[in-house]
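Peer 1: When you get a sec, could you give me coordinates for this:
(one chain, ligands or ions: 1)
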Amino acid sequence: MPAPSAEFQGAPGPSRTPGDGAGKTFVIETFGCAMNVHDSEKVSGTLVARGYRQVLSTEEADLILYNTCSIREKAAEKVFSYLGALKKATRNAPKIIGVLGCVAQQEGEAIFERAPQVSLVCGSASYTRLPELLDEMERGNRRVTGLDLDTDECFETELTRRDNPFRAYLTIIEGCDQRCAFCVVPTTRGPERSRASNLILDECRRLVGEGYREIQLLGQIVNAWEDPAPARLTFAELLGRLADVPGVRRVRFSTSHPRYFTPDIVEAIDSHPALCEQVHLPVQSGSTTVLARMLRGYTREQYLEKIDCIRRARRAISISTDIIVGFCGETPEDFEQTLSLLDAVEFDQVFAFKYSPRPKTAAGGMADSVPEAEKSERLATLLEHQRQIQWRRNQALAGQEFEVLVETFQPRHGQVVGRTSSNRIVNFPGTPDWIGQHMNVRVTSAGPNSLVGERIEAAGE
Ligand code: SAM
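Peer 2: Residues are numbered from 1 along each chain as shown. I've put the predicted structure just below:
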């Protein structure tokens, strides 16, 4: 099992491309989704291979990178407040500062006007050009940009510095072509680009060789993946092949879009124990009228058919979702439909957000008609409604046994914390040396967001 290291200095030998980073230090702060976290891991690997050393604070760093998120306005603004604070803190200690990711792509060169201390602005579709952009910066250019969206390439690199010692992220598709009315992703991450199945399987085997046992497949719409390789595997077939890689203990995937969620994915989960019994299937709204306005491409009834298919599986697959409240024109009746969908599905977890208008989206041109206070009230109502559902569902698990991968130790409580295949968090008495082990645990009690249990026996490696 690879150990987490704050100062990872090595990099895979053959593809090491030394640059002028020797002796310099960098820090990277990541905002937003798992894809951003994984992008940062690849950017870090690229820098380490050039001779940079990763540090944990901006004070120690020569190069400061912000990998940003612009999915909602608050997230996008956060980076500018960080840049403002940094300006004061680094007045007497000049640093090179870069803005990466979705805000970089969205704001482009305007970032140089708003934050003149920034030297690099680079969107995720240009990360393949990173070595070249770093060359320019190392030569002293103080206005370096990578903003081209017109790409059919994925960020292929073996120079990844993974942060989580147990779970390795593995990108299978980049970008997004869906154009949901509310979503900024197609304009910040570029067009969909699927990676070839042979490259994905090779990376999975390599990760297992490095000691990872849990692989999390990533994509904005992970199940829109289409194999560009001659094998022409379907997404479900790819899942099966990955689950069959010797040494793989768990495979997760996110995020699935209901439009591409087909019964063969459920069949694959049923027939491969290594595929986690978990599906994240964002619904966004329970009202067909709102879904049509969001350009989601399915109705409430069609979504419920997908849920029926998952519930009919032989394994008890947990289901989580994303919901937006207060989208343009959402009436109290539409919102009631979302609450009734929560009752109909009984999700295991819900991530809910207040609608935030975004530039260059279809909804950006619609009236943001639900007042902020009403959005907040609907969000609070929805979260409380779901809390009761989760509590009830979790309590029904008392007495059941699960295999748990132990991830952390909490010294204050003398407890370890881990996850089940269904992605439920379980706390149980244990010791730090259990971290990284799979253990069988019986659930003794439950709250709305986690379970409490007791170890029965080691599940073995
Ligand atoms: N690509 C995935 C999909 O379409 O299902 C998820 C992308 S996004 C990182 C995660 C969630 O953020 C979305 O599922 C949606 O619920 C929420 N979101 C996206 N745009 C939003 C907006 N403009 N306002 C509020 N929430 C938003």
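
Peer 1: What is the neighbour count of Gln410?
Peer 2: For Gln410, the neighbour count with other CB atoms under 10 Å is 12. In this view, the C-beta of every residue, glycine as well, is placed from N, C-alpha and C.

Peer 1: Next up, the contacts around it.
Peer 2: By CB atoms under 8 Å, 6 or more residues apart in numbering, Gln410 lies in contact with Val416, Val417, Asn427.

Peer 1: how about 7 Å then?
Peer 2: If a contact means CB atoms under 7 Å, 6 or more residues apart in numbering, then Gln410 has Val417 as its contacts.

Peer 1: how far away is it from Tyr127?
Peer 2: Gln410 sits 36 Å away from Tyr127, going by CB to CB, to the nearest Å.

Peer 1: what's the answer for Gln395, then?
Peer 2: The gap separating Gln395 from Tyr127 is 45 Å, by CB to CB.

Peer 1: The two: who's more crowded?
Peer 2: For Gln395 and Tyr127, the more surrounded residue by other CB under 10 Å is Tyr127, and the numbers stand at 24 against 14.

Peer 1: Tell me who's in contact with the nearest residue in space to the more buried one that is not next to it in sequence.
Peer 2: Sequence neighbours aside, Phe155 is the residue nearest to Tyr127 in space, at 4.4 Å (criterion: CB to CB, 6 or more residues apart in numbering). Applying CB under 7 Å, 6+ apart to Phe155 gives the contacts Lys42, Tyr127, Thr128, Glu174.

Peer 1: same thing with His272?
Peer 2: For His272, the contacting residues are Gly240, Ala243, by CB under 7 Å, 6+ apart.

Peer 1: What distance do you get for it to Leu199?
Peer 2: 21 Å.

Peer 1: ok, back up a step: mind checking how far the residue nearest to Tyr127 is from Thr408?
Peer 2: Phe155 is 29 Å from Thr408, by CB to CB.

Peer 1: Asp322 reaches Ser285, doesn't it?
Peer 2: No. Judged on CB atoms under 7 Å, Asp322 makes no contact with Ser285 at a distance of 10.3 Å.

Peer 1: who has more neighbours, these two?
Peer 2: Set Asp322 next to Ser285 and count neighbours by other CB under 10 Å: Ser285 wins out with 25 against 14.

Peer 1: give me phi/psi at the more buried one?
Peer 2: Backbone torsions of Ser285, given as degrees, to the nearest 10, read phi -160, psi 150.

Peer 1: Please shift the residue numbers so they start at 7 in all later answers.
Peer 2: In the new numbering, first residue 7, that becomes Ser291.

Peer 1: From the ligand, how far out is it?
Peer 2: From Ser291 over to the ligand the distance is 10 Å, taken as CB to the nearest ligand atom, to the nearest Å.

Peer 1: Tell me the confidence at that residue?
Peer 2: pLDDT for Ser291: 98.

Peer 1: Tell me who's in contact with it.
Peer 2: So Ser291 contacts Leu297, Met300, Ile329, Ile330, Phe333, Asp340, Thr344 (CB under 7 Å, 6+ apart).

Peer 1: Neighbour-wise, which one of those leads?
Peer 2: Using other CB under 10 Å as the neighbour test, the contacts of Ser291 are led by Phe333, with 27 neighbours.

Peer 1: What is the neighbour count of the residue nearest to it when sequence neighbours are not counted?
Peer 2: Nearest residue to Phe333, sequence neighbours excluded (CB to CB, 6+ apart): Tyr361, at 4.5 Å. By other CB under 10 Å, 23 other residues sit near Tyr361.

Peer 1: any idea which helix or strand carries Lys84?
Peer 2: Taking DSSP states H and E as the definition, Lys84 sits inside helix 79-95.

Peer 1: Ile70 now?
Peer 2: strand 69-74.

Peer 1: elements contacting that strand?
Peer 2: Helices and strands touching strand 69-74, by 3 or more CB pairs under 7 Å, 6 or more residues apart in numbering; DSSP states H and E, are strand 31-36, helix 40-55, helix 79-95, strand 102-107, helix 108-113.

Peer 1: Compare those and say which comes out lowest on pLDDT.
Peer 2: For the helices and strands packed on strand 69-74, the bottom mean pLDDT is recorded on helix 79-95, which sits at a mean of 86.

Peer 1: re the thing from before, with distance to the ligand and mean neighbour count added, can I get the helices and strands packed on strand 69-74 in a markdown table?
Peer 2: Output for those, formatted as a markdown table (distance: least, CB to the nearest ligand atom, whole Å; neighbours: other CB atoms under 10 Å):
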| stretch | distance to the ligand | mean neighbour count |
| --- | --- | --- |
| strand 31-36 | 13 | 20 |
| helix 40-55 | 8 | 22 |
| helix 79-95 | 8 | 15 |
| strand 102-107 | 12 | 25 |
| helix 108-113 | 9 | 25 |
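
Peer 1: These: which one's closest to Leu388?
Peer 2: Nearest to Leu388, of all those, is helix 79-95, at 18.4 Å by CB to CB.

Peer 1: Tell me how many other residues surround Lys372.
Peer 2: Just to correct that, residue 372 is Met rather than Lys. Residue neighbour count, defined by other CB under 10 Å, stands at 15 for Met372.
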